[in-house]
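Colleague: Sequence and predicted structure, then a few things I'm wondering about:
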Amino acid sequence: MELILWRHAEAEEGAPDLGRPLTPKGVKQAKRMAAWLRARLPEGARVMASPATRAQQTAAALTERFETVPALAPGASPQAVLTAAGWPDGGGLVVVVGHQPTLGQVAAWLLTGQDAQWSIKKGALWWLRLRRRNGGAEVQVRAVIGPDWVDD
């Protein structure tokens, strides 16, 4: 199984929190990262997004065919994200468009087995893969990239 943790792009400040849209810079970030992803995603990749407007807009830059998952809303637990994604036995590739600090906590737990507060930059993603071999399993990092490293 592969899992992409994609933090929503830059959003406007204000309230209500769930209704905050992307800034013009955030729209560019989302489009830039979506183009990078689109060129690399296999057919049939599943895309899930938080119900927050900023996550919905980020996911929509990649595809119109994404699933809104309430369990990915701001404040979600790392376990809720992993359960929603079907980790580790769901198979295939799942893109999760969500929020900090949850996505950083998920990355930390998957890579170290420890609770930790790791930061994922706005619009950036972590691409992880579960590799099973010799009766064991390990999580590998395939890519960590932010929108400032991707060409327009």
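Modeller: That came in fine, so what should we check first?

Colleague: mind listing what's buried in stretch 72-90?
Modeller: Leu72, Ala73, Pro74, Ala76, Pro78, Ala80, Val81, Leu82, Ala84, Ala85, Trp87, Gly90 (16 or more other C-beta atoms under 10 Å). For every residue, glycine as well, the C-beta is placed using N, CA and C.

Colleague: for that stretch, what is the average pLDDT?
Modeller: Stretch 72-90 carries an average pLDDT of 97.

Colleague: cool, stretch 27-44 as well?
Modeller: 96.

Colleague: Without its sequence neighbours, what residue ends up closest to Ala11?
Modeller: Arg54 (3.8 Å; C-beta to C-beta, 6 or more residues apart in numbering).

Colleague: who's in contact with the one helix or strand Met48 maps to?
Modeller: In this assignment (DSSP states H and E), Met48 forms part of strand 46-49. Residues from elsewhere that reach strand 46-49, judged by C-beta atoms under 8 Å, 6 or more residues apart in numbering: 55-56, 58-59, 62-63, 65-69, 72, 84-85, 92-98.

Colleague: Just the CA trace of that strand, in PDB.
Modeller: Extracted C-alpha coordinates of strand 46-49, given in PDB (Å, rounded to 0.1, in the frame of the first residue of the first chain):
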ATOM      1  CA  ARG A  46      -8.000   6.900  -4.400                       C
ATOM      2  CA  VAL A  47      -8.200  10.600  -3.400                       C
ATOM      3  CA  MET A  48      -9.800  11.600   0.000                       C
ATOM      4  CA  ALA A  49     -10.200  15.000   1.400                       C
END
